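> just coords:
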């Protein structure tokens, strides 16, 4: 496993907050544009294709899981 | 609209046509299709001593500039065929590309930023010139029998040969061939005759090519625009060719009507907007869509496929004609050895292994370029926009812009190679193509390594960095010695650097100029073993 999923920030709330605040006041379209840039900037900073692929896989796995949960709640 | 000059050839009846089907003439190798790939392959085979029949269903060189970018690798191949000087003299030499977004320059790249190479990164040359020069060379070689208006209409595979039915203005005749090489293009009829699938990805976007004649002061560079002011929302490409011809590529909407778009009165205003004036004439206008696909197997019995017949890519990256030429140089020496019974037929399988992997790489690269130019979803478009925006201020953004990744020789992973056992900090690894470098002959005359390779016979060659001892090369293997009393001198120190050489270092080069093996301290045994492996004997 090349991707680190341990908590890396001394204060995780600060990191979450920084991203949230960046989106404040933006339309969905603008937010999507911001995210696209952020993804590319951070991916380049990491500079490791294995890490990037694992991150994508993790996100996809959680998306599937989350949508299944949402379906179960509806039923 | 002026048409480019065409070269017409005459059909001539051949005595083979008087033979009955049962008495059909037999040849070791018949090449089908006299395009750049078929012509180059025939020349290479003939120079290796083979008798070649080359058939083409037309009687003239195709019109339109079509392939225009020929790579350094292709020029080095053509050097071996004795035609590169004419190509380079006529062609437009370039190595710099610029990428614009809107009206502003985003990024500039140089494909050959270093000195000390005989050939440039690329030349631009209309395909019909390249073909005309190759035909001239063919006509100097008695071993090639080039027959125009000979259309192959039937194929029958036997155990150790194939029988071709050939239609001519005088009716059909038959020919037997130990091997048939199909270089008959994207719509290959031979491919249909062997019943091979040719599946892949179809791209919906349409592109318009216009060759315009004008005198202009643009530099001889490849200019690519995303969303230019003269063609909002799409991409555009400008490239210089000889004879004051400029190639312009414009991306159109997927739903554009080809008939309407191709009309000069509709093309003219677009180009006038691009150039800022309308003092130009059209030479050629063509509209195209493209596919990225390849045959699953390049060899079907006695029929071997090369060039567009075997694989097709999008045009962004100059990977079509150049990869076809790499097919030709890869196949020629192998087929020659098999026909001479110096190597088992299994050697040909390595052609499929090496070149189908190269086709996959070319398809991957050109598909990525196409996807970048024509994003297929809103999020893809958003990511592309993010790259273009980031490129204005970051180096990584510039490098991520994909306006076509230009053809570079593939690095093979192949059973013919001997894996490195020594420690290397650089230099071309086994499977990579040789690197050029300036050297000087004994008398001090400057030369290039690629020239020394041609002079050594374009055969298996030992490139040796002398330590004074000198290893004995296996029989039939040429030698290029750098250093020592009788060797070339590494005048600029670049050969040693590019090959990560120490005294005693030796590279075994294949006849197509690829590295088969390399050693810090070669022995007779290690060279013999590497040679056996590289020739499919072991």
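Received it, and whenever you're ready, just let me know what you need. What you are looking at is a predicted structure, and each value in this text was computed from that prediction instead of being measured.

> burial measure for residue 67, as a count.
I went with chain A, as the question did not name one. By the criterion of other CB atoms under 10 Å in any protein chain shown, residue A:67 has 10 neighbours. C-beta here means a position set from N, CA and C on the backbone, and glycine is covered the same way.

> oops, wrong one, chain B.
Neighbourhood size, residue B:67 [other CB under 10 Å]: 24.

> pLDDT below threshold where in chain A?
Residue ranges of chain A with pLDDT under 70: A:75.

> mind listing what's buried in the longest helix seen in it?
Counting by DSSP state H, the longest helix found in chain A is helix A:49-74. By neighbour count with 16 or more other CB atoms under 10 Å in any protein chain shown, helix A:49-74 contains the buried residues A:52, A:54, A:55.

> what would these look like in a markdown table with distance to residue B:372?
Output for the buried residues of helix A:49-74, formatted as a markdown table (distance: CB to CB, whole Å):
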| residue | distance to residue B:372 |
| --- | --- |
| A:52 | 18 |
| A:54 | 24 |
| A:55 | 22 |
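
> coming back round to it: the longest helix of chain A near chain B at all?
No. For a cut-off given as CB under 8 Å from any CB of the partner chain, helix A:49-74 has no contacts with chain B; the smallest distance is 13.0 Å.

> how close does the closest residue to residue B:70 other than its chain neighbours sit to residue B:214?
Nearest in space to residue B:70, with sequence neighbours left out and distances taken as CB to CB, 6 or more residues apart in numbering or on different chains, is residue B:123 at 5.4 Å. Residue B:123 sits 20 Å away from residue B:214, going by CB to CB, to the nearest Å.

> same thing with residue B:435?
Distance of residue B:435 to residue B:214, computed by CB to CB: 38 Å.

> same thing with residue B:434?
Applying CB to CB, the value for residue B:434 to residue B:214 is 40 Å.

> quick one, which of these two is more surrounded?
Between residue B:434 and residue B:214, counting by other CB under 10 Å, residue B:434 is the more crowded of the two (23 against 15).

> which residue lies nearest the spatial centre of chain B?
For chain B, residue B:322 is the residue whose C-alpha lies nearest the centre (CA atoms, centre = their mean; 1.9 Å).

> shouldn't that one be in contact with residue B:69?
Yes. In terms of CB atoms under 8 Å, residue B:322 counts as a neighbour of residue B:69; the distance is 7.5 Å.

> what residues are shared contacts of the two?
Residues within reach of residue B:322 and of residue B:69 at once, by CB atoms under 8 Å, 6 or more residues apart in numbering or on different chains, are residue B:407.

> buried residues in the particular helix or strand that has residue A:42 in it, which are they?
For residue A:42, the host element (DSSP states H and E) is helix A:28-46. Under the neighbour-count criterion of 16+ other CB under 10 Å, helix A:28-46 has A:32, A:33, A:35, A:36, A:37, A:40, A:43, A:44 buried.

> hmm, residue B:382 and the first one touching each other?
Okay, so that is residue A:32. Yes. Residue A:32 is in contact with residue B:382 according to CB under 8 Å; the separation is 5.9 Å.

> count of neighbours near residue B:108?
Residues near residue B:108, counting by other CB under 10 Å, number 11.

> give me the pLDDT for the nearest residue to it once chain neighbours are set aside.
Excluding the flanking residues, the one nearest residue B:108 by CB to CB, 6+ apart is residue B:98, at 4.9 Å. pLDDT recorded at residue B:98 is 95.

> so how far is the host helix or strand of residue B:98 from its chain's centroid?
Counting by DSSP H and E, the element that carries residue B:98 is strand B:96-101. Offset of strand B:96-101 from its chain centre (CA atoms, centre = their mean, to the nearest Å): 24 Å.

> looking at this, residue B:154 is in a strand?
Yes. Judged by DSSP: H, G, I helix; E, B strand; the rest coil, residue B:154 forms part of a strand.

> tell me the contacts of the closest residue to it other than its chain neighbours?
Distances taken as CB to CB, 6+ apart place residue B:165 nearest to residue B:154, at 3.1 Å, with adjacent residues excluded. Residue B:165 makes contact with B:152, B:153, B:154, B:155, B:156, B:172, B:173, B:174, according to CB under 8 Å, 6+ apart.

> which of the residues you listed sits closest to residue B:372?
Using CB to CB, residue B:152 comes nearest to residue B:372 of the contacts of residue B:165, at 39.0 Å.

> got the residues of the stretch 1-150 of chain B near chain A?
For the stretch 1-150 of chain B, no residue is in contact with chain A (CB under 8 Å from any CB).

> ok, which stretches of the stretch 1-150 of chain B are helices?
Using DSSP state H, counting those that start in this stretch, the helices of the stretch 1-150 of chain B run over residues B:36-47, B:72-81, B:84-90, B:127-140.

> what's the third one packed up against?
In other words, helix B:84-90. Helix B:84-90 is packed against helix B:72-81, helix B:127-140, with contacts defined by 3 or more CB pairs under 8 Å, 6 or more residues apart in numbering or on different chains; DSSP states H and E.

> mind putting the ones you listed into a markdown table with mean neighbour count?
Shown next, in a markdown table, are those (neighbours: other CB atoms under 10 Å in any protein chain shown):
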| stretch | mean neighbour count |
| --- | --- |
| helix B:72-81 | 25 |
| helix B:127-140 | 20 |
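
> export the ones you listed to JSON lines and tack on mean pLDDT?
Output for these, formatted as JSON lines (pLDDT from 0 to 100):
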{"stretch": "helix B:72-81", "mean pLDDT": "98"}
{"stretch": "helix B:127-140", "mean pLDDT": "96"}
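
> and residue B:261, what's its pLDDT?
Looking at residue B:261, its pLDDT is 86.

> what is the neighbour count of it?
A count of nearby residues for residue B:261, using other CB under 10 Å, gives 17.

> does any bit of stretch B:375-388 sit next to chain A?
Yes. Using CB under 8 Å from any CB, we find that stretch B:375-388 touches chain A at B:379, B:382, B:383, B:385, B:386, B:387.

> what's the neighbour count on the nearest residue in space to residue B:291 that is not next to it in sequence?
Of all residues not flanking residue B:291 in the chain, residue B:202 sits nearest, at 4.9 Å (CB to CB, 6+ apart). Residue B:202 has 10 neighbours, counted by other CB under 10 Å.

> for residue B:228, see how far away residue B:202 is.
For residue B:202, the distance to residue B:228 (CB to CB) stands at 26 Å.
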